[in-house]
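Novice: Turn this into a model:
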Amino acid sequence: MSVDTPIDYAVPSEKDCARYKMHKYWAAKPWYVVSEYIRHFSKEGEIVLDPFCGSGVVGCEALINRRKVVLNDLNPMATFIAKNICRSPINLEKLDEEFSKIRANLKKEIMDMYLLLEPCPSCGAKVYTKHLVRGPSLKDNWIVEGRCSRKHGLSGHIRRTLTFKERQFLDTLEDNEIPFWFPKDQFPDGRETMRLKNAGMDSVDKLFTRRNLTALSLLYNEIQKISDLDIKELMLLAFSNTLLHVSKLKSEQLRPMSANSYYCMGDWIEENVWERFENRVKWRWGIYKGKEETNKLIGNYYKLAADFNSLLSDGTLMIFNRPAQDLSNIPDESIDYCFTDPPYGGSIQYYELTYLWRSWLKMSHEFIDNEITVNDFQGKKDNSFEEMLTEAFSEVYRVMKPGRWLSVTFNNKDSKIWLALLKACQAAGFKKENIVPQKPISHSFVQSWSGKALKHDLILNFRKPTIKHYVVKKNEEREKLLDIREIIITSTEECLFKNQQAQLSEIYETAVIRWINTIYGGLVSSDSKEMQFDKEAFDIETVDCILKLESDYLRFEKGNEIFYKKTFFNKGDDINT
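Specialist: Purely as a prediction, here's the structure:
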């Protein structure tokens, strides 16, 4: 089956679900969008590909919709998360039994490390540390958020300054020997890891207090005793999703890595390791609820395939770690549909940001050379990003069947990165059919707080032609259309025609779509390597600068957002709108 028309509408939002909350990962696309695209562009039993699979949303939704699926990611942490999200069915009784063993063996020992010396002032019961606020602004007046073991009143919450004796107790823990293995991997020099090094945290163990490092080593050692591989890996998934929250990267106001970086707080919190781990197993977004969902939705359809031949016979999921530039384990013209979310230049440094998790799970760090990114520490500039992305999409083109579809979701405010993506897809041979703005499942930290961040992803639908052809716009037509100022003004007028005011991000998104439709001049023929692109590019700051110089538009701000409206209104317009 090959459909002739792409999706041309934004998929309506649906509620979040537990299966994709089992572990943090970046840039996961809304499950309902992925599901809708898979159903539209493929049929049951066909093979779906995601060469940049991340946490595995495409894989899970493909299996739910009874498609076979090939997942690839260079990063072993990504495929570990993806495999465990897809894995089904899981014996939930066995999962509960193994967690009960861990709780029986470790809960008291770990919780005793967080016991406060002063009892609850209301009832005299024991009080355990929920988290401890530490940092330079507090000096020696550390603030403890505790919970009474009897949970009276407002869930038994107590907040006060740590006493002198309690500080002495913490000092004794600093001298204790950590009982089991823990990682001491040195952070490499990098764009994000230099933040840690500059803060004195040059190795993984230094991200944790001695108390939390002790508790984590106990937990990791206990999980290693589980004999059932499925259950063991799920417990490790919960464990790794605990790590950031019990590190020094968390504050009371900001979740760790919410800005896609190793942002080091001034004041930070030391969380209770046992409570966070139990939360990651039993919480409504924990592994137990997540596997309840996949047991119901995927069930016995999950069958891991060792290779492509196994996938063609009775397998349903093939998952592997290799560069997207080398999909040689997939035969030519064997894939029915591809939905993927490639790297956005250097926006998210996956290698560096997963280093902490990989170290604890004893995964390889030896894949940095093949990472598609922009990173000065790796010697990778915009041109190398474009070259590697072109190699990747050329591989996608090779493995896809003629006439079938590729959907690429992308979000970047720098048109140089957009240009790299478009050049890569054109060089591979794909024909662009349409572009759909799609609201993400939630806004990132940057999207929430920056007036110059895009509020939508753009989904570009391409098709592999049955006969490779090459269509180029006439030079005079391209010269006329490729006036960046004209594109921006026309896009602004389009937005203001719908509403009397428009966000800068909306204007930029509209301009990007118009710009892409202009410069994507056709496919490169097999005997021509010349790229049909205008060299001029722009970003959201360019749009803002050009509009500020235009007397027809008035710029104003609401909170963190930047808006534009017409300077002059027609008679009858509400000037206060």
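Novice: Can you give me the pLDDT of residue 249?
Specialist: Looking at residue 249, its pLDDT is 94.
Novice: for it, helix, strand, or coil?
Specialist: State at residue 249, reduced to three classes by DSSP: H, G, I helix; E, B strand; the rest coil: coil.
Novice: surely it meets residue 265?
Specialist: Yes - using CB atoms under 8 Å as the test, residue 249 is close enough to residue 265 to be in contact (7.1 Å). For every residue, glycine as well, the C-beta is placed using N, CA and C.
Novice: what about those two, which has more around it?
Specialist: Neighbours per residue (other CB atoms under 10 Å) separate residue 249 from residue 265, with residue 249 holding more: 27 against 18.
Novice: Contacts only, for the more buried one.
Specialist: By CB atoms under 8 Å, 6 or more residues apart in numbering, residue 249 lies in contact with 207, 256-257, 262-265, 268.
Novice: let's go with 7 Å and repeat that
Specialist: Counting by CB atoms under 7 Å, 6 or more residues apart in numbering, residue 249 touches 207, 256-257, 262, 264.
Novice: Could you measure from it over to residue 269?
Specialist: 10 Å (CB to CB, to the nearest Å).
Novice: Could you do residue 32 as well?
Specialist: On the measure of CB to CB, residue 32 and residue 269 end up 34 Å apart.
Novice: When those two are compared, which one has more neighbours?
Specialist: Higher neighbour count among residue 32 and residue 269: residue 269, with 22 against 17, using other CB under 10 Å.
Novice: any idea which helix or strand carries that one?
Specialist: strand 268-271 (DSSP states H and E).
Novice: Residue 217 too?
Specialist: Per DSSP H and E: residue 217 is located in helix 210-223.
Novice: can you list contacts of that helix?
Specialist: Contacts for helix 210-223 (CB under 7 Å, 6+ apart): 102, 105-106, 109-110, 113, 170, 173-174, 176, 178-182, 205, 208, 232, 235-236, 239, 246, 270, 273-274, 277, 360.
Novice: Not counting its own residues, what contacts the next helix or strand after that helix?
Specialist: Per DSSP H and E, the first helix or strand lying C-terminal to helix 210-223 is helix 229-243. Residues from elsewhere that reach helix 229-243, judged by CB under 7 Å, 6+ apart: 22-24, 81, 84, 87, 90, 94-95, 98, 219-220, 223, 226, 273, 276-277, 280-281, 286-287, 291, 356-357, 360-361.
Novice: Recalculate using a threshold of 8 Å.
Specialist: With CB under 8 Å, 6+ apart, helix 229-243 has contacts from 22-24, 77, 80-81, 83-84, 87, 90-91, 94-95, 98-99, 102, 216, 219-220, 223-224, 226, 273, 276-277, 280-281, 286-287, 291, 356-357, 360-361.
Novice: do stretch 266-279 as well
Specialist: By CB under 8 Å, 6+ apart, the list of residues contacting stretch 266-279 reads 103, 106-107, 110-111, 114, 128-138, 209, 211-212, 215-216, 219, 238-239, 242, 245-246, 248-252, 286.
Novice: try 6 Å this time
Specialist: The list of residues contacting stretch 266-279 from outside it, by CB atoms under 6 Å, 6 or more residues apart in numbering, reads 107, 110-111, 114, 129-133, 135-137, 209, 212, 215, 242, 245-246, 248, 250-252.
Novice: what's the answer for stretch 389-404, then?
Specialist: Under CB under 6 Å, 6+ apart, the answer for stretch 389-404 is 2, 324-325, 327, 330, 332-338, 372, 420, 424-425, 427-429, 464, 466.
Novice: cool, and stretch 341-352?
Specialist: Contacts for stretch 341-352 (CB under 6 Å, 6+ apart): 26-27, 29, 52, 75, 190-193, 260, 368, 371-375, 409, 412, 417.
Novice: For burial, what's the neighbour tally of the closest residue to residue 30 other than its chain neighbours?
Specialist: Among residues not flanking residue 30 along the chain, residue 441 sits closest, at 4.0 Å (CB to CB, 6 or more residues apart in numbering). Residues near residue 441, counting by other CB under 10 Å, number 18.
Novice: pLDDT score for residue 441?
Specialist: Residue 441 is assigned 72 on the pLDDT scale.
Novice: Tell me where the longest helix sits in the protein.
Specialist: Across the chain, the longest stretch assigned as helix under DSSP state H is helix 92-112.
Novice: Give the other helices and strands that that one contacts.
Specialist: helix 210-223, helix 229-243, helix 273-282 (3 or more CB pairs under 6 Å, 6 or more residues apart in numbering; DSSP states H and E).
Novice: quick one: contacts for residue 33?
Specialist: Residue 33 neighbours (CB under 6 Å, 6+ apart): 11, 438.
Novice: any idea which element it lies in?
Specialist: helix 31-41.
Novice: which element follows the lowest-mean-pLDDT helix or strand in the chain toward the C-terminus?
Specialist: The helix or strand of the chain with the poorest confidence is helix 475-481; it has a mean of 45 (mean pLDDT, DSSP states H and E). Counting by DSSP H and E, the element after helix 475-481 in chain order, helix or strand, is helix 484-498.
Novice: rewinding a little: pick the one among the contacts of residue 249 closest to residue 436.
Specialist: The nearest member of the contacts of residue 249 to residue 436, counting by CB to CB, is residue 257 at 28.8 Å.
Novice: The closest one: neighbour count?
Specialist: 20.
Novice: and it, backbone torsions?
Specialist: Per-residue torsions, residue 257: phi 60, psi 20 (degrees, to the nearest 10).
Novice: Residue 164 too?
Specialist: Residue torsions, per degrees, to the nearest 10, at residue 164 are phi -60, psi -40.
Novice: how about it, what does it touch?
Specialist: Contacts of residue 164 by CB under 6 Å, 6+ apart: none found.
Novice: For residue 465, see how far away it is.
Specialist: Distance of residue 164 to residue 465, given as CB to CB: 75 Å.
Novice: Residues touching stretch 61-81, excluding its own?
Specialist: In contact with stretch 61-81 (CB under 6 Å, 6+ apart) are residues 23, 25, 31, 34-35, 38-39, 42, 44, 46-51, 53-55, 59, 82, 86, 297-298, 301, 311, 316-321, 323, 350, 354, 357-358, 363, 367, 370.
Novice: what's the span of it, first residue to last?
Specialist: 15 Å (CA to CA, to the nearest Å).
Novice: Over to stretch 83-101?
Specialist: 25 Å.
Novice: And the contacts of it?
Specialist: With CB under 6 Å, 6+ apart, stretch 83-101 has contacts from 19, 56, 59-60, 63, 226, 231, 233-234, 237, 281, 291, 294-295, 298-299, 302, 317, 319.
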